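>>> Below is the sequence, then the predicted model.
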Amino acid sequence: MGGTPVEQFDVVVVGGGPVGHALAIELGRRGVSCALVERRTTPQQIPKGQNLTQRSVEHFAAWGCADELRAHRLLPRGYPIGGIVCYGDLSSPYWHAPQGRETVGEFFSQPNERLPQYETEEVLRDKLATVPAVRAEYGRAALGIGEDGDAVVVTTSDADGGGELRRLSCRFVVGCDGARSLVREQAGIDRSAGSLSRKMVLAVLRSPELHERLSRFPERTTYRAMHPDLGGYWRFFGRIDVGEGFFFHAPVEDDAEESTLDVRAHLEAATGFPFAFELDHVGLWDLRIEVARRYRNGAAFIAGDACHSHPPYYGYGLNTGLEDAVNLGWKLAAVLAGWGGDGLLDSYTFERQPIFDEIGRDIITAGIERDRAFLDRYRPERDRAEFEAAWDREMAIADTGPRWYEPHYEGSPVVAGCEGGRPSVRGEHSYRARPGHHLSPRRLASGRNAYETLGLDFTLLALGAAESDVAALGDAARSANVPLSVVRDPGDGEAADYGSRLVLVRPDQHVAWVGDAAPHDPLRLVEQVAGR
């Protein structure tokens, strides 16, 4: 090993799925030298991670590849993204089309999208190839992580375990290497297991007949069957394209094996009718919810599925992972540039871990338990009128989901003005700029959307503020060597909706502080939001 050559990088990212690529892009566009180690040479052709929220597409816009993302979609432009929920099976007279994320679209600068994860990854791979600071090492695998003084050393080989060994020395290593993360294991980061455990089947199929049979519903992209025998778990189909391509998930017996599984029986139990299909893929997977207790141990970090794994319910997985990457990326870059303090790195766990902890516990697990209780209590064959009234109540609750799902970082030590709060997925969408919350898009007097004015680092929106207050904050940022760009606007029209004359926006488009005048000690504010 002593003769193995050592190459120097600021950051090594282990795992090159969408989250690893997103993190490498975030780092590379800020000039951070980075190596991305990924064992696969091409994206895995399994249609998972389909739904991208408006927030996720905002990231693609920031990376300069939102148009490329839309060009890779397989659905027709404007095709409704959302689901159908049925009682029993897809032949049931009891069904509902819940309101989707389009109901909160006005609070984001980009519309949501839907495309297979392998298409999303192709867009990210193409983008990464244009970022000079990053070297992608496809077909390579991380063998181990060690220390050499103040550096972290990642040893890699060919994906098959042979070939030349390489040693990549870096200041920070980030594991984006999935639920069985090598980085997480070797960094000694524990995960807490949830109460769910179920074996599931994933089938990928083509069936023009199924497409035709589903025309009884409004156009949608997913179709969920809630059957009393499933204990709150789902059988559901998702569209890959419009016309024939679908994927399918369903719970199976604990001793099920791929070679003997009666896939047709599971498919037809979900639909309630026989139909012709061709299978492209069948696999089994374990449904669990696991969340890392922390996302950092010294110079080692984890992101995406290495932090949190869960069933593909409600479309949180990939979107949550991309947000991990964006949150961590600017903080690592700030520390490497010398203006970010170690408090920024600690804030990554503080801000991000509670978000998925709530998703797993209060949304996914609680949703399965709620469905189980509903299906145990109400059956149309017992009391049709009682069932129909309860069904209507449950579906009305389902309609409210997009409106209260608003992840925020209230109470973060690197956010000023929301002391006593805590990061949570529950909030309220608003145009008003609030510390810890995502900035909503508003049009400025120049005709540009505020999002078009945000820079790579901190941005101060000065909306009719006194020039002396703007100067005080600018002087404090220069004194602390914290990069800050200033956007001046009269503060009327849509910009007045922000509710403050001064809005300090973080590099990840979350609000760090608001006020109508500069604080008494602007330097203290700047040092707080910089993690110092």
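Alright, I've got the coordinates.

>>> pLDDT-wise, which helix or strand of this protein ranks last?
None of the helices or strands of the chain scores lower by mean pLDDT, DSSP states H and E than helix 401-404, at a mean of 83.

>>> Name the residues that touch that one?
Helix 401-404 is contacted from outside by 98-101, 103-104, 314, 426-429, using CB atoms under 8 Å, 6 or more residues apart in numbering. All C-beta spots, glycine's among them, are computed from the backbone N, C-alpha and C.

>>> Those into CSV, with extra columns for pLDDT and neighbour count?
As requested, the contacts of helix 401-404 are exported to CSV (pLDDT from 0 to 100; neighbours: other CB atoms under 10 Å):
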residue, pLDDT, neighbour count
98, 91, 19
99, 86, 15
100, 83, 21
101, 85, 21
103, 89, 16
104, 93, 20
314, 71, 16
426, 94, 12
427, 94, 18
428, 94, 11
429, 96, 18
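
>>> Quick one: mark the members of those residues that sit in strands.
Counted as lying in strands by DSSP state E, out of the contacts of helix 401-404, are residue 426.

>>> CSV please, covering the contacts of helix 401-404 and showing distance to residue 91.
Output for the contacts of helix 401-404, formatted as CSV (distance: CB to CB, whole Å):
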residue, distance to residue 91
98, 19
99, 24
100, 23
101, 28
103, 28
104, 32
314, 24
426, 36
427, 38
428, 38
429, 36
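
>>> Of the contacts of helix 401-404, which is the nearest to residue 150?
Using CB to CB, residue 427 is the member of those that sits closest to residue 150, with 39.6 Å.

>>> So the closest one sits against residue 408, correct?
Yes. Between residue 427 and residue 408 there is a contact at 5.0 Å, judged by CB atoms under 8 Å.

>>> that older thread, ok, the contacts of helix 401-404 vs residue 372, which is closest?
For the contacts of helix 401-404, the nearest to residue 372 is residue 314 (16.3 Å; CB to CB).

>>> ok, and residue 192, which helix or strand is that part of?
Element membership for residue 192, per DSSP states H and E: strand 191-206.

>>> Please name every helix or strand in contact with that strand.
strand 245-251, helix 263-271, strand 278-292 (3 or more CB pairs under 8 Å, 6 or more residues apart in numbering; DSSP states H and E).

>>> Give me the contacts around the helix or strand that the least confident helix or strand of the chain is followed by.
Following helix 401-404 in sequence order, the next helix or strand is strand 405-408 (DSSP H and E). The contact list for strand 405-408, computed with CB under 8 Å, 6+ apart, reads 323, 355, 363, 423-429, 434, 436-438, 510.

>>> can you give me the helices in the stretch 351-500 of the chain?
366-377, 384-399, 401-404, 467-479 (DSSP state H, counting those that start in this stretch).

>>> need the ones you listed in CSV with distance to residue 220, can you?
Output for those, formatted as CSV (distance: least, CB to CB, whole Å):
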stretch, distance to residue 220
helix 366-377, 19
helix 384-399, 13
helix 401-404, 15
helix 467-479, 47
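
>>> mind putting these in JSON lines, mean neighbour count included?
Converted to JSON lines, the helices of the stretch 351-500 of the chain look like this (neighbours: other CB atoms under 10 Å):
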{"stretch": "helix 366-377", "mean neighbour count": "15"}
{"stretch": "helix 384-399", "mean neighbour count": "14"}
{"stretch": "helix 401-404", "mean neighbour count": "16"}
{"stretch": "helix 467-479", "mean neighbour count": "16"}
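
>>> Of all those, which one comes closest to residue 180?
helix 366-377 (23.6 Å).

>>> Mind listing the strands the strand holding residue 192 pairs with, and their directions?
Strand pairing for strand 191-206, using DSSP bridges, gives strand 245-251 (antiparallel), strand 278-292 (antiparallel).

>>> Of those, which shows the lowest average pLDDT?
Comparing mean pLDDT across those, the weakest is strand 278-292, with a mean of 91.

>>> tally of neighbours for residue 286?
13 (other CB atoms under 10 Å).

>>> any residues in contact with both of residue 427 and residue 408?
In contact with both residue 427 and residue 408: residue 437, using CB under 8 Å, 6+ apart.

>>> what stretches of the stretch 101-250 of the chain score poorly on pLDDT?
For the stretch 101-250 of the chain, the stretches with pLDDT under 70 are 194-195.

>>> That one: strands as residue ranges?
113-114, 134-138, 140-148, 151-158, 166-170, 172-175, 191-206, 222-226, 235-239, 245-251 (DSSP state E, counting those that start in this stretch).

>>> neighbours around residue 144, how many?
The local packing of residue 144 (other CB under 10 Å) involves 10 other residues.

>>> and it, bridged to which residues?
Counting by DSSP bridges, residue 144 is bridged to residue 155.

>>> Distance check, it against residue 99.
48 Å (CB to CB, to the nearest Å).

>>> Same check on residue 176?
33 Å.

>>> Contacts only, for residue 311.
Each residue near residue 311 by CB under 8 Å, 6+ apart is listed here: 196, 200, 249, 287, 289, 364.
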